[in-house]
Each structure stands twice: as C-alpha cells, then as structure tokens.
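Enquirer: Sequence and computational prediction follow.
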Amino acid sequence: AKKDGETTSIDATHLVRTDQMILLRAEDIGLQVPAPEQGKPKPDYFVVMSPNGPQRHDQADAGDLEVNTTLQGIPVKSVFTLLKERAQEKTLEQYAEVSGIPAQTIAEVAWEFTNHGKKAAIDMYRGPAKHTNGFYAVQAINSLNILIGNMDWRGGLADGGGAWDDLGGKEGQPFPLGKLHPGKTKSFGVTFSREGWRYEESTLFERDGGYPARRPWYPFAFNMWHDLIPSAEAGYPYPIKMLWLNMATPAYSVPGAGEQLRILRDPKIIPLVISTDIVIGDTSMYSDYVFPDLSYLEQWASPGDVPQPATKSTPFRQPAAPPVPEIVTIDGEELPMSLEATMLALAQRLGLPGFGKDGFGAGVDLKRPEDFYLKVAANLAFGDKADGSDGVPEASDEELQVFRAARRHLPPAMYDDAKWQRATGAQFWRKTVYVLNRGGRFEHFSKIYDGDYMAHRFGGTFHLFIERVAKQKHSVTGQRFDGLPHYDPPLFSNGRAVDDQAFPFQLITFKEIFGTQSRTPGTYWAKLSLLPENFVLMNRADTRRLGLEEGDRVRLSSASLPQGASDLGNGQQREMVGKVKPIEGLRPGVIAVSQSFGNWAYGAQAVEVDRILVPGDSRRSTGLQINPLLRLDDHTRTGPLGDAIGGSVSFYDTRVNVTRAYA
C-alpha cells in the first residue's frame, strides 16, 4: 500500500479459515515466524496468496484479491472473496424489494459513487446505526468507503484533525490530571452496564449455567446507560443501592421509557436516587436529592477531540454569564453550585489525596471547578511536545486587559484574577490567557491539506472482516457473531425476529434542527415562533386512505403500548395523541415524530421548593412524547430493543397503529 502511495491498508487479501471463520495464521500452514521479543505479546502473522504461493502478510509485496482454495488441508478464502460472496447472496432485485428502492436507482447511485476515483465519501450515524442491526449497517457503509480507497485523500473520507492533549498525558505538560490523586481506589469487577465485558469471562457465566444470559452483555460497546435502571430491578449483574444521574434523562429519552419510570419510582429497587440538573426534570423529579447544576452559558467544559474539523482543534468553554443558582459556601469557599462543585466538595470531605488547598503542590489548589479547568487550559497552552515547542505565545499586556475587561461582569465568587492565576501558577498564566481569549486552540485552515492528501491522516489498517467480532459469542443465543456485514430483520436480544406486522406503520424518530432531545423545552423563542408543537408526519397518500386532514388528532399504539397511554407515575396518563401533518417527502407506510416535545416536568407543572410554589408553564409540555411507544425487548421485557454488538438502542424498528382520536 505504501509503495502505491496509500496512507492506509486493508485486509482484503488476507486469508480466512472457512472451517472456523477466523483469519489464517502463518503457523497454521507451517510458515516460519520470528520468536516474539522478550516481555512482549506474540504478534499475529497473517497469510496472503502471492504469485509465489502463500506468504506472510508482512513479507509479501501484494496478495491476490480473489482466493478460494485449500492449504495444508485447511479450506481458505480471501476476505475480498467472502465479502463478494456475501454481497451476491441476494440479487439486485431482491435488495430492491428489501429496501423499497428501485433496482435502477440503486444501480445509478452505485455508478455515481464509484466513478469519481477517490473523491467520494459516505458519512453516516443515527439513521443506519439506531437499529437492532445497526452495527452491520454501519460496517456495510464503511466497506463502501474502503473499497474505493478514499481514506486520507483530498475529496475523500477524513479522520478529523484531532486535538491537543488537555489532561497532561504528555511528558513536560504542567498538570498530569490523569494521575491526579495517587492512592485512590480503583474500580474493579464487571461494569453495571456490562459494557466492555465478555459474559464468558464473568463469574455469572458459571453461576447461571452459561447461555442464555439473563440480559445482554456488550463487549464492544461503550457509554451505555439505557439498561441501567431495568438492570437494577433485575439485580443483574448485581443490585445497586444508589443511582447518580448527570446529563441524562432516561425516563424521557430511552425507548420504552414507561418501564424506566415504573422502576425509578420504587425505592425498594434503588433506595437512593441523586440527580444533578439545571431544573427539576422529567427524570430528576423522581430523585431523592437534586443538586443544582449550571447551564452551558455558566459552566466550564473541555470536550476534547471534536471530529468535524479537518484541522487540529480543542474548543474550551468558559463561563459567559453569572450563575443563576445561588452561591454556596463549601469549606469556607464561596462558589456556584454545580456538578463539579458537588464532586469536589465530596472529594475534600472524604479526604481524597490531591484535592483541597495546595492539593496539586505548594500554592496550587484544587478546591474549585476553575482550579481544575484552568489546569486543563494550561495543558492546552503548553502543547503536546515535552520541550514546550508546541506551546502558544504568551498573552501581551493588551491581551491581559482584554481578558479582564471581558469578565468584569462576573461576580467575585466566579472570577477573581488572583485566584485564577494561582490555579495555574504564574509561569503558565499568560499562555493560559492566550487560550482562554480564543476559546481554545485551533490550527489554521491552511493545515487541512498536504498536496493530494489530508494533512491529518488515519494511516492505519481497515478491516472488511472483523475477526474480534467473529470470534465473540452472543451472550444470549450463544452463537458466534458474523465478521462480515449482512442483513437481518429487526431482532429481539434472544435472536428471534420482531413480528409486529399487525401494526401497519413503521415509526421513525428525529430531532428538530433547533431541538436537542429533551434539553430545549425552555427555548420559547424557538418553540413558539418556529414550532410550538410537533406533528405526526405522514405521507399524503396514507392520510387520504385513512380519511385524515391536516390537524386531525390521531392516537398511536404499539405492541409495547397497546392502549396508547403511558403512566407517568404521578397520577397522570400521557396519551400517545398528536396532530397529523401530511407531507410528500416521506415513504408511504412510514410515520415520523420528532423527539423534542411533550415534557411533563422541566417547569411544565407546578412544584414546591423550600415551601415556595413555583408555577408551571404549559408551553413546556406541548406536543407528543414518542419514546413510551417504542418497542421493548421480549427477552428482557423491561429494556428497549437494541444492537447486540454496537450497543445502540433502536429508534427505528417499532411498528404502530394509527387511529383517529375523538375528543
């Protein structure tokens, strides 16, 4: 690949043992391999078919794309051959029938995509991914990019520009925050979400007699929380005593949310529920304690790598407005109440090393949120190189004046020049100001391209055949996963197909361009002027067939919510009723409902705080909240449908019935 001017390589020529569906190793057919270096793991040596016969992948100049033969009695095929055979398992007409797209259209799009060299790319996420077969859908789409070799090429697929290390992981950076408090207790055992863990490697595998697992395990997934509350009821993999929610509202946003509500209300399942929230929200309203948090205009944040820019960039959020929550005093220190303030207070109360006055060395505190985030900014300012040569310039006196003037409206408990300087140390302060004045570090746009290549490159190996997936067994069915992309209908976690054909419409969801799920109910300027309520969008042919006009009210029901009403647990029934809006740009047989409406909290109803009644505002509750309708998994019964490999929940595999709702 390098000789051909490619920055990346693929496994298309690697040979697969079709008797085991794993990659062929050199040792399997008697090819010599070097002894592993002492103290290092044994490397894999794969096999390709060259003009001189089978060779190790690290020794051959090239390999045959199409191979179907036997070596030393072992049946083998190349990865490319397996992928080609997989694609040809159906005819173009059969794919057209499955997808509902005419065969001619598929052929035209395929021609267009493959006739511009490397100057074409497909990007994807939510639409293909949020299905029970989402992993394989994304794998198939990625395969198309791989097959035209577009990665790292100008006009092709880009990996993003990357970011500067902000946690001090590089030698010489001033604040190694990843090693913040030595001697801390480390996590151990299976994660409650079962992500990153193989069922077979847990003690539960033997305890429960092997397959099927009581609930799915997700060895390849991360950042999962949709099954935490249902798993607490099941006590699987173990019961919990406390749940702390932050930046999450599962009672509103998880498919099949009625089960989340039912379980959350029972203190015998989770005795203590704590939330950090900017309001009393649709989930935090069920908490025993709600710690106030700050809105995005009042808080600090360093999101790290943002993949969209093709240049290196690390944005850095800093408070722009005084905090709405009251100033609290913690250990003699006045500061705005927030998630970080709460956690820092707990750390200091527990006496954890590294926190508090002089916690990061003489004269450098770690008591306040800015004590942490300003150290992050100082690391950004220093850069990634040990000698500091990648650092930013020092802010001039004029820049310091601009910096102070821009923050003069902030209260002393939030902004104090002397305290902020103390958080980073005087030697790093001017460089830190340089970063803060610019809202982060951003590489110049001239650094996007390097001739015909992207300047920031992936440079690695792509796998059309994913062996680590192919070797792993499904925790419920006990069957091995497929290492190649393939088509599946919607499946329950026990491998059985979802058969909801009695419900004639396919429901899909989306977010309004001005909405971010449940987190924008208070943006009156957007909701009232743009869209005060959402609609049940239907193709005009379907509305004519059902005798519906724009504005007619319809009731939606599904196999998981056949009565068309969800119990909110506070004496209220939320009916799945919305107004119809006929459109042309939607496939017949499909309805679409956006997910930014129908809040029952977030100020929608009156609440009493410290014996003061805060009136509700009905404008926050307008529209239809669709998640209680979405399909539950028949195996777990309390969790939503989901992807067994990628771990995503399904927002697109629910079928519903649509009937007129009479007042």
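Expert: All right, it came through fine.
Enquirer: so where do the helices sit in the stretch 501-650 of the chain?
Expert: Assigned by DSSP state H, counting those that start in this stretch, the helices in the stretch 501-650 of the chain fall at 524-529, 540-546.
Enquirer: what residues does the longest one touch?
Expert: The contact list for helix 540-546, computed with C-beta atoms under 8 Å, 6 or more residues apart in numbering, reads Phe505, Glu549, Glu550, Val580, Pro582, Ile583, Glu584, Pro588, Gly589, Ile591, Val658, Arg660. For every residue, glycine as well, the C-beta is placed using N, CA and C.
Enquirer: Report pLDDT for the fifth one.
Expert: In other words, Pro582. On pLDDT, Pro582 comes in at 98.
Enquirer: What about it, how many residues nearby?
Expert: 19 (other C-beta atoms under 10 Å).
Enquirer: Give the bridge partners for it, please.
Expert: Beta bridges link Pro582 to Met538 when assigned by DSSP bridges.
Enquirer: which of the residues in the helix or strand containing Glu398 are buried?
Expert: Following DSSP states H and E, one finds Glu398 within helix 397-405. Buried residues in helix 397-405, counted by 16 or more other C-beta atoms under 10 Å: Glu399, Leu400, Phe403.
Enquirer: how about the residues you listed in a markdown table, adding pLDDT and distance to Leu352?
Expert: Putting the buried residues of helix 397-405 into a markdown table (pLDDT from 0 to 100; distance: C-beta to C-beta, whole Å) gives the following:
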| residue | pLDDT | distance to Leu352 |
| --- | --- | --- |
| Glu399 | 96 | 36 |
| Leu400 | 96 | 34 |
| Phe403 | 96 | 32 |
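Enquirer: Val614: which of those residues is nearest?
Expert: Ranked by distance to Val614 (C-beta to C-beta), those are led by Phe403 at 37.4 Å.
Enquirer: coming back round to it: give me whichever of the helices of the stretch 501-650 of the chain is most buried.
Expert: The highest average neighbour count among those, using mean count of other C-beta atoms under 10 Å, belongs to helix 540-546 at a mean of 15.
Enquirer: tally of neighbours for the closest residue to Phe355 other than its chain neighbours?
Expert: Distances taken as C-beta to C-beta, 6 or more residues apart in numbering place Ala347 nearest to Phe355, at 4.3 Å, with adjacent residues excluded. When neighbours are defined as other C-beta under 10 Å, Ala347 has 20 of them.
Enquirer: cool, and the one 3 residues further on?
Expert: Counted by other C-beta under 10 Å, the residues lying close to Leu350 total 8.
Enquirer: what's the answer for Asn246, then?
Expert: 14.
Enquirer: Okay, it and Asp371: tell me how far apart.
Expert: 20 Å (C-beta to C-beta, to the nearest Å).
Enquirer: Around Gly189, count how many other residues there are.
Expert: Counted with other C-beta under 10 Å, the neighbours of Gly189 add up to 10.
Enquirer: Unless I misread the structure, it falls within a helix.
Expert: No: read with DSSP: H, G, I helix; E, B strand; the rest coil, Gly189 is coil and lies in no helix.
Enquirer: backbone phi and psi for it, please?
Expert: Per-residue torsions, Gly189: phi 80, psi -180 (degrees, to the nearest 10).
Enquirer: how close does it sit to Thr203?
Expert: Distance from Gly189 to Thr203, by C-beta to C-beta: 9 Å.
Enquirer: Contact partners for the most centrally placed residue in the chain?
Expert: Residue closest to the average C-alpha location in the chain (C-alpha atoms, centre = their mean): Asn223, at 6.5 Å. Taking C-beta under 8 Å, 6+ apart, we find Asn223 in contact with Glu195.
Enquirer: Can you list the residue ranges for strands in the stretch 351-500 of the chain?
Expert: Listed in chain order, the strands of the stretch 351-500 of the chain (DSSP state E, counting those that start in this stretch) span 440-442, 449-450, 453-454, 461-462.
Enquirer: Ok, the stretch 51-200 of the chain next?
Expert: Under DSSP E, counting those that start in this stretch, the stretch 51-200 of the chain gives strands at 53-56, 68-71, 74-78.
Enquirer: Output the contacting helices and strands for the longest one.
Expert: Of the remaining helices and strands, those touching strand 74-78 by 3 or more C-beta pairs under 8 Å, 6 or more residues apart in numbering; DSSP states H and E are strand 15-17, strand 47-50, strand 68-71.
Enquirer: Can I get these in JSON lines including mean pLDDT and distance to Ser231?
Expert: Below are the helices and strands packed on strand 74-78 laid out as JSON lines (pLDDT from 0 to 100; distance: least, C-beta to C-beta, whole Å):
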{"stretch": "strand 15-17", "mean pLDDT": "98", "distance to Ser231": "36"}
{"stretch": "strand 47-50", "mean pLDDT": "97", "distance to Ser231": "43"}
{"stretch": "strand 68-71", "mean pLDDT": "98", "distance to Ser231": "45"}
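Enquirer: Reformat those as a markdown table; add distance to Phe535 and mean neighbour count.
Expert: Converted to a markdown table, the helices and strands packed on strand 74-78 look like this (distance: least, C-beta to C-beta, whole Å; neighbours: other C-beta atoms under 10 Å):
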| stretch | distance to Phe535 | mean neighbour count |
| --- | --- | --- |
| strand 15-17 | 49 | 24 |
| strand 47-50 | 56 | 23 |
| strand 68-71 | 54 | 14 |
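Enquirer: To Gln427, which of those lies closest?
Expert: Counting by C-beta to C-beta, Gln427 lies closest to strand 47-50 out of the helices and strands packed on strand 74-78; the figure is 54.5 Å.
Enquirer: Please name every helix or strand in contact with that closest one.
Expert: Under the contact rule (3+ C-beta pairs under 8 Å, 6+ apart), strand 47-50 is packed against strand 15-17, strand 53-56, strand 74-78.
Enquirer: Burial-wise, tell me which of those comes out on top.
Expert: strand 15-17 (a mean of 24).
Enquirer: in the stretch 501-650 of the chain, which spans are strands?
Expert: 505-510, 536-539, 553-558, 565-567, 573-575, 577-583, 590-594, 607-609, 612-614.
Enquirer: In its sheet, which strands sit next to the fourth one, and in what direction?
Expert: In other words, strand 565-567. Here, using DSSP bridges, strand 565-567 pairs with strand 573-575 (antiparallel).
Enquirer: Show me which positions of the partner strand end up buried.
Expert: Neighbour counts over strand 573-575 (16+ other C-beta under 10 Å) mark Arg574 as buried.
Enquirer: Sweet, I'm off.
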